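[1] predicted model, plus sequence, below.
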Amino acid sequence: MLKLTDDGAKITLQGQPSTADNGMFWFGSALLIGAVAVAMAMSLLSERLAIGALALLIIGSFVFNKKRQQHKKAMSGVISSGTLWVRAGELVHDNLGKREHIHLTDNDKIVINGDTLQIVDDSDVRKYHIAGFESIQEVKATKAILEGQALTKRHVNIKMKSN
């Protein structure tokens, strides 16, 4: 829902919040089971096999951390729920009490892609992907406000429901 304010707009996004990745959960669970197996191997098997099991656990931990960092980086620029406070050249994303201030630079470009909005830098690398708008008009209004255009309340639609 779009509400115009004195210096921009307040937009409530209707998308679903990003959920945790099941693959990461299962990989982490397997790593935990591996740690228990290494502990058992150290007490039951020979020293060489126990050291080999420990080495596998260390490698698994390294791979898990790399994958988790990649997933975190990929999801950092995706906005699909919460409230956006839009002003010229600036966004404030409020999601479950956590606020993120996003300032656009002069080189950033705002691209409408269907019913989503993308903010890309001068080399066309995506910085933010904003989804969850109620209509294409909200997407266009958000782009216009971010680019510094002033919106007015001259067109108001009132829908009445009859029983």
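    Sure, I can see it.

[2] now the helices for the chain?
    In the chain, the helices defined using DSSP state H lie at 22-44, 47-75, 136-146.

[3] for these, which one sits closest to Ser123?
    helix 47-75 (17.2 Å; CB to CB). (Glycine included, C-beta is placed from N, CA and C.)

[4] residue ranges with poor pLDDT in this protein?
    Applying pLDDT under 70 to the chain flags the ranges 16-21, 150-163.

[5] so what does the most far-flung residue of it relative to its centre look like in phi/psi?
    Largest separation from the mean C-alpha position in the chain: Ser46, at 47.0 Å (CA atoms, centre = their mean). The main-chain torsion angles of Ser46 are listed as degrees, to the nearest 10 and equal phi -70, psi 170.

[6] use 428 as the first number for this chain going forward.
    In the new count, where the first residue is 428, that last one comes out as Ser473.

[7] separation between it and Ala480?
    Relative to Ala480, Ser473 is positioned 11 Å away (CB to CB, to the nearest Å).

[8] and if you look at Gln441?
    Distance of Gln441 to Ala480, computed by CB to CB: 49 Å.

[9] more neighbours, these two?
    Neighbour totals were compared for Gln441 and Ala480, and Ala480 leads with 19 against 14 (other CB atoms under 10 Å).

[10] correct me if wrong: that one contacts Ala466.
    No. Assessed by CB atoms under 8 Å, Ala480 is found out of contact with Ala466, at 9.2 Å.

[11] what residues are up against Ile546?
    Shown in contact with Ile546 (CB atoms under 8 Å, 6 or more residues apart in numbering): Ile529, Leu531, Asp535, Lys536, Ile537, Val538, Arg553, Lys554, Tyr555, Ile557.

[12] how about a cut-off of 7 Å?
    Leu531, Asp535, Ile537, Lys554, Tyr555 (CB atoms under 7 Å, 6 or more residues apart in numbering).

[13] in TSV: these, plus neighbour count.
    Output for the contacts of Ile546, formatted as TSV (neighbours: other CB atoms under 10 Å):
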residue	neighbour count
Leu531	18
Asp535	16
Ile537	18
Lys554	15
Tyr555	19
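
[14] can you redo the residues you listed as CSV with distance to Gln545?
    Below are the contacts of Ile546 laid out as CSV (distance: CB to CB, whole Å):
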residue, distance to Gln545
Leu531, 12
Asp535, 10
Ile537, 8
Lys554, 8
Tyr555, 7
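
[15] quick check: the two most widely separated of the residues you listed?
    Pairwise distances across those peak at 10.4 Å for Ile537 and Lys554 (criterion: CB to CB).
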